[in-house]
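J.: fold the following.
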Amino acid sequence: MDRRDFIKSGLLAAAVGAMSGPKAIAQEAEKQAVREQLAKDILNYNPQMQYRPMGRTGVNVSALGFGMLRLPMKNGHVDFDQTTPMVRRAIEGGVNYIDTGRVYLGGESEQAVGKALAGGWRDRVYVTSKMPWWEMQSADDFEKFFDQSRRVIGTDVIDFYHIHMIMHRAWKDYVLPYKLIEKMERLKAQGKIRFMGFSFHDSLQLFKKVVEYTPAWDFCLIQHNYLDYEYEAGVLGPKYAAANGMGLAVMKPVRTGFLANLPQVMRNALASTGINKPDAEWALDYLWDIPEVSVAVSGMGSMEDVEANLKYASKARPNMLTPAEREALGAAICAYRHAPGHIDCTGCYQCIPCPHNVAIGYIFAYVYNNYLLHKNKERALSDYTVSMSPVQRGDPASSCVACGECLAKCPQHLDIPNLLARVKETMGK
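T.: You can find the predicted model right below:
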């Protein structure tokens, strides 16, 4: 290029810059106006976080919620000194949904929320808690437990309040006879809660029944992840909730840690298509891909977990998975289901209630099949005992008397009594 051409190109560039300048300024002004509007409409708005509508509630929640069940522990108790900065870092990163419950960590979870949100942090988030029906001795315990939760958390209003862990026993023996739904409606009318909902652990059929029972439900919390697409409310649960105008929070996106530390056979399957992501990011992306999911509630046990999840959430979008990523997840599911000895239980819960209270679906789909891959007996026994009780999920495999009532109910035609005997032999109970 000679001197004349150089000058011409410079003048042309300047002219283009002069013409594009006003347009660029206008575009930036428009973006700034959008950001300012979002900051007004969304609690604790941060442009690095993604937000989604929470059903008909009229509020937008962060794609990532902080689940306060799996916190740093010290000598058997919550390490509040570690937990408080973690919660506040998540809030600084745009998280505006903090999920706790009365019974979590022996009551220390609500204490941890109260400590973390003291000093003005409470005003930046939506707080949830839950009413544990299995601890109620009478209907009068409802108001007592609720007021205790408010005091411990340090708030006058709980934004999202659940009936905790609805399943067949809870629905039949507590929720309906104790009129818990009417009590929730009364709290809402009094302004003590903003939105009423429930968490759920049972079949899709019961989920539909609960959703349809009253139009007063604002939201629900279900368990879902890419392995549990037929487990409990399953992949149809989000669509059913959304069709009824409900916001949807999803718990256990990494399946109580299983999907955050995958067996190598599943990790190899995910990598087979040439896409590499951390295990936990695969699990969260699966949920965020579902348009009906409002918030993925993830337990975080360290500051490293918080930072990683904030990074993943910054990219969260509905319908975000590519065809290759969907293929990779399918390959991981196949690897899980083809493990030697795998029981082909989907966790549909058609087999319950069992006349002897055996937690059949949970034992097969959530305890035993996991154990076949991670081979960690201590972890499996924790899932089997700590996370299961006779009042909540049911009894262990040893309670089976081989009555056979479950056989005709199983859509997979599993020989349930013999499989429970195998579990008993493996787990010792």
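J.: could you pull out the strands in the stretch 101-250 of the chain for me?
T.: Assigned by DSSP state E, counting those that start in this stretch, the strands in the stretch 101-250 of the chain fall at 126-132, 158-166, 193-200, 219-223, 247-251.
J.: so Ala26 versus Gln32, what's the distance?
T.: 11 Å (C-beta to C-beta, to the nearest Å). Bear in mind the C-beta positions are built from the backbone N, C-alpha and C, glycine included.
J.: now render the strands of the stretch 101-250 of the chain as JSON lines, adding mean pLDDT.
T.: Listed next are the strands of the stretch 101-250 of the chain as JSON lines, based on pLDDT from 0 to 100:
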{"stretch": "strand 126-132", "mean pLDDT": "97"}
{"stretch": "strand 158-166", "mean pLDDT": "97"}
{"stretch": "strand 193-200", "mean pLDDT": "98"}
{"stretch": "strand 219-223", "mean pLDDT": "97"}
{"stretch": "strand 247-251", "mean pLDDT": "97"}
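J.: could I get the full set of helices for the stretch 301-429 of the chain?
T.: In the stretch 301-429 of the chain, the helices defined using DSSP state H, counting those that start in this stretch lie at 303-313, 323-337, 360-361, 369-374, 377-385, 416-427.
J.: so which of these is the most packed in?
T.: Among those, the stretch with the highest mean neighbour count (mean count of other C-beta atoms under 10 Å) is helix 360-361, at a mean of 28.
J.: in terms of mean pLDDT, which of the helices of the stretch 301-429 of the chain ranks lowest?
T.: For the helices of the stretch 301-429 of the chain, the stretch scoring lowest in mean pLDDT is helix 377-385; its value is a mean of 80.
J.: next, the angle from that helix to helix 416-427.
T.: Orientation of helix 377-385 against helix 416-427 (axes from the mean of the first three to the mean of the last three C-alpha atoms, to 10 degrees) gives an angle of 130 degrees.
J.: what does helix 377-385 rub up against?
T.: Thr256, Ile363, Tyr366, Val367, Tyr368, Asn370, Tyr371, His374, Pro396, Met427, Lys429 (C-beta atoms under 8 Å, 6 or more residues apart in numbering).
J.: try 7 Å
T.: Helix 377-385 is contacted from outside by Tyr366, Val367, Asn370, Tyr371, Pro396, Met427, using C-beta atoms under 7 Å, 6 or more residues apart in numbering.
J.: so can I have TSV of the helices of the stretch 301-429 of the chain showing distance to Cys351?
T.: Compiled in TSV, these are given as follows (distance: least, C-beta to C-beta, whole Å):
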stretch	distance to Cys351
helix 303-313	35
helix 323-337	19
helix 360-361	5
helix 369-374	16
helix 377-385	18
helix 416-427	6
